[in-house]
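Student: heads up, no residue letters with this:
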């Protein structure tokens, strides 16, 4: 007396049944897990299917590490560029500020030349202040060699022979941190 077997999977195909999450977890926990040691054939098959996955993950990992290293390098370059721009802006601001004081320095120098006995202490203070600001006067003394990088010739004698030397300094020039802040205005003669 054998009873005809019914096919239960056909019934489930006609009416879809979606398992809830707790049901799915219960079913998966009731299925015994196999380990590579319990079935040697299963271990070999899973190793061959895992190998490409591991290679793919290793490749993705290497790509992500490369991206991270490039991003770090980009950030370091950006930070250095920002620091450089900040330093340049600071130097430009100092340069502009010191430039605005040049007319005052010129007036003080003229006053000191007019009354050296009265303003000798002011001369010492002015020299000390200029030195502390890394501001140096360009050598434009009479007889010094004319240098177009440091001197602006206002007039020149007609004689083209000989070496060009400074005949008179009209307005002093200054170097700020080794760069020309203002060229000295001079009269030039040939010697």
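Tutor: Perfect, I can see it now. Note that this is a predicted model, so its numbers are computed, not measured.
Student: where's the residue nearest the centre of the chain relative to residue 93, distance?
Tutor: Centroid-nearest residue in the chain: residue 81, 1.4 Å away (criterion: Cα atoms, centre = their mean). Distance, residue 81 to residue 93, using Cβ to Cβ, to the nearest Å: 19 Å. Yep, even glycine has a C-beta here, placed from its N, CA and C like the rest.
Student: next one: residue 190
Tutor: According to Cβ to Cβ, residue 190 stands 41 Å off from residue 93.
Student: between those two, which is the more surrounded one?
Tutor: Using other Cβ atoms under 10 Å as the criterion, residue 190 and residue 93 rank with residue 190 on top: 15 against 10.
Student: isn't that one right next to residue 166, touching?
Tutor: No: applying Cβ atoms under 8 Å as the test, residue 190 and residue 166 come out as separate, 11.4 Å apart.
Student: part of a strand, is the residue nearest to the centre of the chain?
Tutor: No: applying DSSP: H, G, I helix; E, B strand; the rest coil, one finds residue 81 to be helix, outside a strand.
Student: where do the helices sit along this protein?
Tutor: Listed in chain order, the helices of the chain (DSSP state H) span 8-14, 21-30, 40-114, 120-132.
Student: residue 141 is nearest to which of those helices?
Tutor: helix 40-114 (14.0 Å; Cβ to Cβ).
Student: could you give the angle of the closest one to helix 120-132?
Tutor: Taking axes from the mean of the first three to the mean of the last three Cα atoms, to 10 degrees, one finds that helix 40-114 is oriented at 160 degrees with respect to helix 120-132.
Student: what's the average pLDDT for helix 40-114?
Tutor: In this model, helix 40-114 has an average pLDDT of 88.
Student: which helices and strands sit right next to it?
Tutor: Judged by 3 or more Cβ pairs under 8 Å, 6 or more residues apart in numbering; DSSP states H and E, helix 40-114 is in contact with helix 120-132, strand 174-176, strand 179-182.
Student: surely residue 157 touches residue 168?
Tutor: No: Residue 157 lies out of contact with residue 168 (Cβ under 8 Å); the separation is 11.4 Å.
Student: having no further points to raise, I will conclude here.
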